[in-house]
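Colleague: Turn this into a structure:
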Amino acid sequence: DYRGIIVYRSKAYKDRDSHLFRTFKKQHPEFLYVNANARHYFKRKDTTTQLFKAAQLDHFLPKTVIYPTNYSTELVESIKQNFHSDMLVIKPVSATLGYGVNAIKLQDVDSFLRLILCNQHAIQPDSSSGLSFWKNNQPSTFIVSEYAPSKPFSFNNKIYDPTMRIVFLMHHDQGTVHVNVVAGFWKTPTKELADPHATLTDKHITGLNSGARYNGLFAEDEDWFKIKNILQTMLPQLYKTMLQMKDENHDR
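Modeller: Okay, here's the model as predicted:
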């Protein structure tokens, strides 16, 4: 029943929810906008976490807690009591491309939080994007997650801790959610696990890496079969919850 389908790609991240685009959508409801519902839930990591919990799918996420960006000894103790893994991942609530994301040892959480929340001036201008974000930004909250290891990936005789990126299409039509899992590939951090000089962030966090050196490493058939089966089950449940939450918020 729609006049057409619109895919909007902004040139800059800050323009994804621009006034121009929001006004256009309001003036032209006769079009179907790709990601019109999903955008709200995935542009911030806190709303993404809330969505997974509401859908009872939070077992797919590592343990995650959101904290205020106000340093205190109580904050440090709370993190140490909530997490028992040796490694944590600290990231901003709203950022992309790996900006502000750092992997640290649990024992270093106090000194690290002092650096990014109190002593940002000590962060060098040429620091990695994981640290430079905190020098230039001070959001009201941040996320701490338990480190979840990936499947070790061998590339050029070196072992990496990769992240998988998955492309899928999903739509809701007459009460049925349709999922088409298109493709997936491994993306490696810049440093191998055995590198004695690399930081934990270098070895475990994938960021804004350019070139085929860090991309395009396709999953093996056995892994891909398992992944597709998991996504075919959990993605419709996630999307139905998203639509329900949207209707509930609209009614309010």
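Colleague: Describe which strands the helix or strand of the chain with the lowest mean pLDDT pairs with in its sheet and in which direction.
Modeller: One helix or strand of the chain scores below all others by mean pLDDT, DSSP states H and E: strand 217-218, with a mean of 80. Paired strands of strand 217-218, with direction, are strand 176-187 (antiparallel) (DSSP bridges).
Colleague: Apart from its chain neighbours, what residue comes closest to residue 192?
Modeller: Once flanking residues are discounted, residue 192 sits nearest to residue 158: 4.0 Å by CB to CB, 6 or more residues apart in numbering. The C-beta positions use only the backbone N, C-alpha and C, and glycine is treated the same way.
Colleague: quick one: that neighbour and residue 194 touch, right?
Modeller: Yes. Under the criterion of CB atoms under 8 Å, residue 158 makes contact with residue 194 at 7.2 Å.
Colleague: out of the two, which sits in the more crowded spot?
Modeller: Neighbours per residue, other CB atoms under 10 Å: of residue 158 and residue 194, the larger number sits with residue 158, 13 against 10.
Colleague: Over to the more buried one: give its phi and psi.
Modeller: phi -130, psi 150 (degrees, to the nearest 10).
Colleague: can you check residue 138 too?
Modeller: phi -140, psi 80.
Colleague: which residues touch it?
Modeller: 69, 120 (CB atoms under 8 Å, 6 or more residues apart in numbering).
Colleague: how would you label residue 167: helix, strand or coil?
Modeller: strand (DSSP: H, G, I helix; E, B strand; the rest coil).
Colleague: Next one: the spatially closest residue to it that is not a sequence neighbour from residue 170, what distance?
Modeller: Nearest residue to residue 167, sequence neighbours excluded (CB to CB, 6+ apart): residue 182, at 4.5 Å. Noted for residue 182: a distance of 11 Å to residue 170, by CB to CB, to the nearest Å.
Colleague: So the two - more neighbours on which side?
Modeller: Taking neighbours as other CB under 10 Å, residue 182 and residue 170 compare with residue 170 leading, 15 against 9.
Colleague: tell me the SS of the more buried one?
Modeller: Going by three-state DSSP: residue 170 is strand.
Colleague: Please name the nearest non-neighbouring residue to it.
Modeller: Closest to residue 170 by CB to CB, 6+ apart is residue 179, at 5.0 Å.
Colleague: you'd agree that neighbour is up against residue 229?
Modeller: No. Between residue 179 and residue 229 there is no contact under CB under 8 Å: 11.2 Å.
Colleague: what angle do the lengthiest helix in the chain and strand 176-187 make?
Modeller: Identified as the longest helix of the chain according to DSSP state H is helix 221-251. Following axes from the mean of the first three to the mean of the last three CA atoms, to 10 degrees, one obtains 130 degrees for the angle between helix 221-251 and strand 176-187.
Colleague: what comes up buried for helix 221-251?
Modeller: Neighbour-count burial for helix 221-251 flags 224, 228, 231, 234-236, 238-239, 241-242, 245 (criterion: 16 or more other CB atoms under 10 Å).
Colleague: Also stretch 28-48?
Modeller: So, applying 16+ other CB under 10 Å, buried residues of stretch 28-48: 33, 40-41, 44-45, 48.
Colleague: how many neighbours does the closest residue to residue 240 other than its chain neighbours have?
Modeller: Leaving aside its sequence neighbours, residue 240 sits nearest to residue 177 (CB to CB, 6+ apart; 6.2 Å). When neighbours are counted by other CB under 10 Å, residue 177 registers 15.
Colleague: Now for residue 177: which residues touch it?
Modeller: Residues near residue 177 by CB under 8 Å, 6+ apart: 170-171, 235-236, 239-240.
Colleague: For those residues, name the two members farthest from one another.
Modeller: 171 and 240 (12.4 Å; CB to CB).
Colleague: Where does the prediction get shaky in the stretch 51-200 of the chain?
Modeller: The stretch 51-200 of the chain contains no residues with pLDDT under 70.
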